[in-house]
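[1] Have a look at this fold, sequence not included:
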């Protein structure tokens with residue numbers, strides 16, 4: 001039998017992976033790209049606030065950061081629910097969940113930076129290794145956090161899993 005989605009584990013994984021993603025993205029952009037660490041939150045905020053919030057200036061803006069987080073964390077949780085459902089259906093172990101998460105993060109990157117650019121064209125400007133790596137790590141962390149937190153119902157385990 002397959003396990004069912006553990007909603008609490010998915011929400012926790014989405015929040016943790018969302019924090020890791022945002023911090024990693026902001027730090028890597030600051031270190032390796034010619035822009036401020038505040039550019040990624042502004043790009044996310046622009047989904048709701050419009051292009052006017054995009055850099056320049058690429059300085060701290062409390063409203064932009066708040067709007068970005070109001071978009072980013074629900075999306076992170078939605079993505080965690082999707083991956084959690086996959087992990088629970090396939091009954092993946094930790095390593096397989098991490099690999100599935102990494103692949104899932106790469107799929108999210110492709111969707112965000114090649115699909116959603118039809119609606120949010122400024123995401124095309126952020127294509128590159130930093131965004132790709134950050135999305136891959138987001139997915140990996142989703143799997144890393146979700147799988148151990150998932151409640152495993154002992155009645156559904158096979159003899160080899162006990």
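    Looks like it came in fine. From a predicted model like this one, the values you see are computed outputs, not experimental measurements.
[2] For the rest of this, base every contact and every neighbour count on C-alpha atoms.
    OK.
[3] in which helix or strand would I find residue 3?
    Per DSSP states H and E: residue 3 is located in neither a helix nor a strand.
[4] can you check the one 5 residues further on too?
    Secondary structure assignment for residue 8, by DSSP H and E: helix 7-32.
[5] State the number of residues packed around the residue nearest to residue 30 when sequence neighbours are not counted.
    The shortest distance from residue 30 to any non-neighbouring residue, by CA to CA, 6 or more residues apart in numbering, is to residue 37 (4.8 Å). Residue 37: 22 surrounding residues under other CA atoms under 10 Å.
[6] so where does residue 145 fall, helix or strand?
    Using DSSP H and E, residue 145 falls within helix 129-149.
[7] ok, longest helix in this protein?
    helix 62-90 (DSSP state H).
[8] so what secondary structure elements neighbour that one?
    Packing partners of helix 62-90 (3 or more CA pairs under 8 Å, 6 or more residues apart in numbering; DSSP states H and E): helix 7-32, helix 39-49, helix 94-110, helix 129-149.
[9] Swap in 7 Å and give it another go.
    helix 7-32, helix 39-49 (3 or more CA pairs under 7 Å, 6 or more residues apart in numbering; DSSP states H and E).
[10] relative orientation of the shortest one and helix 62-90 in degrees?
    Using axes from the mean of the first three to the mean of the last three CA atoms, to 10 degrees, the interaxial angle of helix 39-49 with respect to helix 62-90 works out to 90 degrees.
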